[in-house]
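Undergrad: What follows is a predicted protein model with its sequence.
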Amino acid sequence: MKQATAEDVAKLAGVSRSAVSRAFTEGARISADTREVVLAAARQLSYRPNTIASSLARRRSNFVGIVINQLPNLRNPYLYNALVTALQKRGKVPVMVCVDPSDHDGDTLEQVVNCQVEAMIVMADSISARRAFEAGNGVRPIMLNENWMPEDDVHRLTVDPDPGISQMVAHLAETGHKKIAFVGGRPTSSDSGRRRSALVNAMVRHGLVLVNERHGNFIYDDGYGHAKDFLRQCSRPDAIFCANDVMAFGALDAIRETGALSVPEDIAVVGFDDIPASRWRSYRLSTIKWNSEDLVARVVEIVMSEDRCNVSEIHISTEFVARRTVRSMAGTDPQAMQCRE
């Protein structure tokens, strides 16, 4: 069956083709009666306007590209959902593509550019600002991955790990911890690198020792496996800091399986991100929290701005949230999670 066109609607409604266009354009000058006649004709013909064609005619596609990692990381679905929902509420159409961490050249970016996006949000840590800018064909990228240089002409939104990690290390030092192990993400991850630097700097100030470290892919199995390795070492850590909450869950479960150690009396575990699962009763994970709602609001603000020529640089702060996986400042928490079977 032939799909109805705007001309068909105009003929049935007895109006001009431009009147049909105005009826479907928010804020356009058209009387309420004429609009209702057009919409009634459109319903009768099952007509839907071609939003892609009309947006391109206005030189605004409303498409927003979001470039993400392929790796399973529980933080991302929450953040993606909040970002996509916020963009849709503002009339934008998110176009998401997944990039393999080994794709440093960003070949997948071509899929985004081919969609004629009016904005591009880069979350995949393998994509540099320079590569994203080159592929953007005039679209200034909004970089959320910290894979940029000071001279790069891009929007930059970063989560500053220093305040939260400084608070965490101070808490560990004041509650008697001396030897820390770190489970990071990929060595190429700028997020993981900044979190490690913040950890080491804070440990130096408090006289703590980094006794071991491992790197992985921000996934549960890495936290689990690396924690098992830490516990087999002669110099066993008395605290493990993971670069995200998901790996911290794995570390907690590895400790639980030993049946010989208690969290937090024998060993503390801290994550990063404060995802909703960190508050589950089975974990009650201590973590570094940052305001994802603020980040999403800032990103949407840039996307909706009529003038994206001025580069934005925004920093989201962090704070330490102490739950049952660290000792309380007054001593051992009587309600601390016991990790014995």
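TA: Perfect, thanks for sending it.
Undergrad: Need phi/psi at residue 318.
TA: Main-chain dihedrals, residue 318, degrees, to the nearest 10: phi -130, psi 160.
Undergrad: how about low-confidence regions in this structure?
TA: Applying pLDDT under 70 to the chain picks out residues 1, 26-27, 50-61, 71-75, 101-107, 113-114, 306-309, 330-341.
Undergrad: Do me a favour and get the end-to-end distance for stretch 10-17?
TA: 5 Å (Cα to Cα, to the nearest Å).
Undergrad: I should have written stretch 274-292 there, sorry.
TA: For stretch 274-292, the first-to-last residue distance is 10 Å (Cα to Cα).
Undergrad: next one: that stretch to chain centre, how far?
TA: The chain centroid and the centroid of stretch 274-292 are separated by 15 Å under Cα atoms, centre = their mean, to the nearest Å.
Undergrad: what's in contact with that stretch?
TA: Outside stretch 274-292, the residues within contact range by Cβ atoms under 8 Å, 6 or more residues apart in numbering are 74-75, 78-79, 82, 159, 161, 164-165, 168, 245-246, 248-249, 252, 268-273, 316-326, 337. (C-beta placed from N, C-alpha, C; glycine too.)
Undergrad: Please pick the buried ones from those residues.
TA: Buried members of the contacts of stretch 274-292, counted by 16 or more other Cβ atoms under 10 Å: 74-75, 79, 82, 159, 161, 164-165, 168, 245-246, 248-249, 252, 268-273, 318, 320-326, 337.
Undergrad: In strands, which of those fall?
TA: Taking DSSP state E, the ones among these that sit in strands are 159, 268, 269, 270, 271, 272, 273, 318, 320, 321.
Undergrad: residue contacts, the second one?
TA: When you say that, I think you mean residue 268. Taking Cβ under 8 Å, 6+ apart, we find residue 268 in contact with 172, 175, 177, 238, 239, 240, 286, 325, 326, 327.
Undergrad: Narrow these to those in helices?
TA: In this view, the contacts of residue 268 that belong to helices under DSSP state H are residue 172.
Undergrad: Export the contacts of residue 268 to CSV and append columns for distance to residue 258.
TA: CSV is the format used below for the contacts of residue 268 (distance: Cβ to Cβ, whole Å):
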residue, distance to residue 258
172, 21
175, 21
177, 18
238, 14
239, 16
240, 13
286, 19
325, 15
326, 19
327, 19
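Undergrad: just curious, which of the contacts of residue 268 is nearest to residue 187?
TA: Distance to residue 187 across these (Cβ to Cβ) is lowest for residue 240, with 18.5 Å.
Undergrad: pretty sure the closest one is touching residue 224, no?
TA: No: counting by Cβ atoms under 8 Å, residue 240 does not reach residue 224; the two are 11.4 Å apart.
Undergrad: what about the two, which has more around it?
TA: Comparing residue 240 with residue 224 by other Cβ atoms under 10 Å, the one with more neighbours is residue 240, at 28 against 20.
Undergrad: Strands of the stretch 51-200 of the chain, residue ranges please.
TA: 63-69, 93-99, 119-122, 142-143, 155-159, 179-184 (DSSP state E, counting those that start in this stretch).
Undergrad: Can you say which of the ones you listed is packed in most?
TA: Ranked by mean neighbour count under mean count of other Cβ atoms under 10 Å, these are led by strand 119-122, which reaches a mean of 28.
Undergrad: List the contacts of that strand.
TA: By Cβ under 8 Å, 6+ apart, strand 119-122 touches 64-67, 83, 92, 112-113, 129, 132, 136, 139, 141-145, 147, 299, 302-303, 308.
Undergrad: So which of those residues sit within helices?
TA: Those of the contacts of strand 119-122 lying in helices (DSSP H): 83, 112, 113, 129, 132, 299, 302, 303.
Undergrad: count of neighbours near the nearest residue to residue 222 once chain neighbours are set aside?
TA: Nearest residue to residue 222 in three dimensions, chain neighbours excluded: residue 216, at 2.7 Å (Cβ to Cβ, 6 or more residues apart in numbering). For residue 216, the neighbour count with other Cβ under 10 Å is 24.
Undergrad: Mind jotting down where the helices sit in the stretch 151-300 of the chain?
TA: 162-174, 190-206, 220-232, 245-258, 292-304 (DSSP state H, counting those that start in this stretch).
Undergrad: okay, now the domains of this structure?
TA: 6-49, 63-159+292-317, 162-291 (automatic domain parsing).
Undergrad: ranking those by burial, who's on top?
TA: domain 162-291 (a mean of 20).
Undergrad: what about it, start to end distance?
TA: Its first and final residues considered, domain 162-291 spans 14 Å by Cα to Cα.
Undergrad: On the three-state scheme, residue 2 is what?
TA: Secondary structure for residue 2, judged by DSSP: H, G, I helix; E, B strand; the rest coil, is coil.
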